[in-house]
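**Q** Build me a structure from this.
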Amino acid sequence: MNNSPWWQVALLFGGVGLLAGLFIGMAIGWRMDTGLSAQAEVNSSEETEGGENANATAVQDDLSVADQSSGKAVLVKEVRLSELGWVAVHEVQGGETMGNVLGAARLEAGDHYNIVVNLLRGTEPNKQYAVILYTDNGNKEFDLRGDLPIMTKEDKPVVVRFTTHTPTSSTGL
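**A** Numbering: from 1, shown residues only. Next comes the predicted model:
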């Protein structure tokens, strides 16, 4: 008969089984990890080679505004933001230079329609103004020194210009 107690044999087989299980588990984990990395590399190369990934659902920052009556508010038809930000109304001076900010509205990420931006000083008839999208620096207060213009892929600010006209009714913005 064998002089080894039964528990030593059980311990030996248990230890071998544990080591085998750990080895198999690590091999499966390594295999799954390299498979995910390869898939991530494929997705990454699809995005860089073809521009935008066809499956991407990234929000493209954009806005739409139309010519409108002068008044104490500006109606922005549509805003699309990828993160918390601001839509601000600027005066346009000399046809090109952005002037004072007349008003701003904070918006959460997403699509927004018919946003009314209340102004500190109303717009005047037959003048040009611009609506610009800005980031929020985290304090949720509009500040030209801390909140930066949101840039397009071409590294230009997201800006739409519009012209005001004489109000046709007293119920306008």
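
**Q** and Ile24, what pLDDT?
**A** For Ile24, the model assigns a pLDDT of 54.

**Q** Same check on Asn43?
**A** So Asn43 comes in at 30 (pLDDT).

**Q** So the protein: which segments form each domain?
**A** 1-58, 62-165 (automatic domain parsing).

**Q** Let me see the ranges of the helices in this structure.
**A** 6-49 (DSSP state H).

**Q** pull the longest strand from it.
**A** If you go by DSSP state E, the chain has its longest strand at strand 97-107.

**Q** what's that strand packed up against?
**A** Applying 3 or more C-beta pairs under 8 Å, 6 or more residues apart in numbering; DSSP states H and E, we find strand 97-107 packed against strand 73-81, strand 85-93, strand 110-118, strand 128-135. In short, each C-beta sits where N, CA and C put it, glycine included.

**Q** Let me have those in CSV, adding mean neighbour count, mean pLDDT and distance to Asp62 as columns.
**A** Below are the helices and strands packed on strand 97-107 laid out as CSV (neighbours: other C-beta atoms under 10 Å; pLDDT from 0 to 100; distance: least, C-beta to C-beta, whole Å):
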stretch, mean neighbour count, mean pLDDT, distance to Asp62
strand 73-81, 20, 98, 5
strand 85-93, 21, 97, 11
strand 110-118, 13, 98, 9
strand 128-135, 21, 97, 8
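
**Q** Out of the ones you listed, flag the one nearest Asp147.
**A** When those are compared by C-beta to C-beta, strand 128-135 sits nearest Asp147, at 4.4 Å.

**Q** and the angle from that closest one to strand 85-93?
**A** On the basis of axes from the mean of the first three to the mean of the last three C-alpha atoms, to 10 degrees, strand 128-135 is oriented at 150 degrees to strand 85-93.

**Q** Name the nearest residue to Asp136, ignoring sequence neighbours.
**A** Leu84 (4.8 Å; C-beta to C-beta, 6 or more residues apart in numbering).

**Q** ok so, going back, possible to save the helices and strands packed on strand 97-107 as JSON lines with distance to Leu63?
**A** JSON lines is the format used below for the helices and strands packed on strand 97-107 (distance: least, C-beta to C-beta, whole Å):
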{"stretch": "strand 73-81", "distance to Leu63": "5"}
{"stretch": "strand 85-93", "distance to Leu63": "7"}
{"stretch": "strand 110-118", "distance to Leu63": "9"}
{"stretch": "strand 128-135", "distance to Leu63": "6"}
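
**Q** Quick check: the gap between the closest residue in space to Lys140 that isn't next to it in sequence and Val131.
**A** In space, and not counting its chain neighbours, Lys140 is closest to Arg106: 6.3 Å by C-beta to C-beta, 6+ apart. Distance, Arg106 to Val131, by C-beta to C-beta, to the nearest Å: 14 Å.
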